[in-house]
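[1] Sequence plus the predicted model coming up.
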Amino acid sequence: MSKPLLRVEDLHTRFDTDRGTVHAVDGTSFTVDRGEIVGVLGESGSGKSVTARSICRLEDPGRIAGGTIEFEGIELTTAEESTLRRLRGNEISMVFQDPTETLNPVFPVGEQIAEAVRIHETNDRQRLLDFLGVPPFRDRSAWADARERAVELLGQMDIPSPKSRSTAFPHEFSGGLRQRAVLAVALASEPSLLIADEPTTALDTTTQADILRRLRSLRDERDVGILLITHDIGVIAQTCDRVIVLYGGQVMEAGPVERVLTDPAHPYTRSLLACSVRNTDSGERIHSAQGRPADPVDGHEGCPFADRCRHATAACREGPIPTTERSSEHRLSCLEAPLPATRESSPQRVSPTPDGGTTE
Ligand SMILES: Nc1ncnc2c1ncn2[C@@H]1O[C@H](COP(=O)(O)OP(=O)(O)OP(=O)(O)O)[C@@H](O)[C@H]1O
Ligand code: NI
């Protein structure tokens, strides 16, 4: 088998605070291949965003206390800032929930995409020039080409009249159009890995479905590997190939989406699914059966979910929980598995998806 695009192994990311050390990511392992969408699912505070931020050390990423992050053969946890900067402008792009964080309000949208195109090209060319030992030169027509490419990218993101739109400012765009523009910026560098943190959470269902469809075509047509972070099981069901269920910074369960969502093996996944069936409003945050997410200050002795789990035994609270294979590719961290089949674990249909399809 070929190597995965991204391999995260036993990652620990911590924040030192006045209250103690927050173990935000606590031994997480997963991979992302080219041409697949891997979903990261979990409640608020489960460590989804910190996992994403650790990968290319963006936006207050915390302190990586252990583990490895290998991207195309490069170890990112120990990589120089200059290497990370080059990767961020070329190979790895990130999209966040709030597009205003990415777009600069004082520049036209098209210029910002053209800028991203130029950074990418300059990086590529500079590497060649460095290799040849040639000093940098300025290419006058390059900006015109980059602007043209920006219009093209806006069109590919289904933005109507992309040429005239490209000279508009971010505030002249609706929320949905802004998020499409952010995707255009992210794709300007032709990344091989796209990390999207709740990219559709703030959007209405129609726009959400459009953007998720775009992500699927990126996977299919450009072979991009996508890490899609969400608290919404519906988004996972309609978009992802595999899913990682995070809780307390640890992987509770991981595997192909249809297997994990139709036959969940971990009590935590089961409770998430039971709640999502009760809460028909797909935009609603996950409210798990009982209790609140574990406080990750100073870490967890045993299973982070033990305090909320009705199957938990003394052993669950003691040592680290080993990961077992339920079937090939379906991983689980639960001492009590296999659990008895219950009403909440029987295969269930997730509600129809906003783009008209249904998921099972
Ligand atoms: N800068 C920080 N300083 C201290 N603790 C932090 C910091 N950033 C995140 N954390 C903590 O790390 C844990 C994981 O946070 P994270 O943002 O990854 O959660 P999440 O799964 O993305 O949640 P949400 O769905 O709310 O975005 C939380 O307990 C959070 O409080
Ligand atoms: Ni988050």
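    Yes, it's here. Numbers count the residues shown, from 1 in each chain. Ligands and ions are numbered 1, 2, ... in the order given.

[2] what's the helix or strand for Leu227?
    According to DSSP states H and E, Leu227 maps onto strand 225-230.

[3] quick one: contacts of that strand?
    5-6, 32-41, 48-49, 51-52, 55, 192-201, 215, 218-219, 235-236, 239-240 (CB atoms under 8 Å, 6 or more residues apart in numbering). For every residue, glycine as well, the C-beta is placed using N, CA and C.

[4] Find the closest residue to ligand 1 in the stretch 51-200 of the chain.
    Per CB to the nearest ligand atom, Asp60 is where the stretch 51-200 of the chain lies closest to ligand 1, at 4.8 Å.

[5] Give me the distance between that residue and ligand 2.
    Using CB to the ion, to the nearest Å, Asp60 is found at 12 Å from ligand 2.

[6] In contact with that residue, which residues?
    Asp60 touches Arg53, counting by CB under 8 Å, 6+ apart.

[7] Count the neighbours of Thr100 for me.
    13 (other CB atoms under 10 Å).

[8] isn't it right next to Phe169, touching?
    No: Thr100 lies out of contact with Phe169 (CB atoms under 8 Å); the separation is 11.8 Å.

[9] Leu193 reaches Arg7, doesn't it?
    No: using CB under 8 Å as the test, Leu193 is too far from Arg7 to be in contact (11.6 Å).

[10] Quick check: residues of the stretch 51-200 of the chain near ligand 1?
    By CB under 6 Å from any ligand atom, the residues of the stretch 51-200 of the chain that approach ligand 1 are Asp60.

[11] Sketch out the helices for the stretch 51-200 of the chain, chain order is fine.
    Listed in chain order, the helices of the stretch 51-200 of the chain (DSSP state H, counting those that start in this stretch) span 81-90, 109-132, 140-156, 162-165, 175-188.

[12] And the shortest one, what's buried?
    This points to helix 162-165. Within helix 162-165, the residues scored as buried using 16 or more other CB atoms under 10 Å are 162, 165.

[13] list the helices and strands it packs on?
    Applying 3 or more CB pairs under 8 Å, 6 or more residues apart in numbering; DSSP states H and E, one finds that helix 162-165 makes contact with helix 140-156.

[14] Next, the angle helix 175-188 makes with the helix it packs on.
    With axes from the mean of the first three to the mean of the last three CA atoms, to 10 degrees applied, the angle from helix 140-156 to helix 175-188 works out at 130 degrees.

[15] now for helix 140-156, which elements pack on it?
    By 3+ CB pairs under 8 Å, 6+ apart, helix 140-156 packs against helix 109-132, helix 162-165, helix 175-188.

[16] looking at these, which is buried most?
    helix 175-188 (a mean of 24; mean count of other CB atoms under 10 Å).

[17] Now tabulate the helices and strands packed on helix 140-156 in TSV and tack on mean pLDDT.
    Putting the helices and strands packed on helix 140-156 into TSV (pLDDT from 0 to 100) gives the following:
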stretch	mean pLDDT
helix 109-132	79
helix 162-165	96
helix 175-188	92
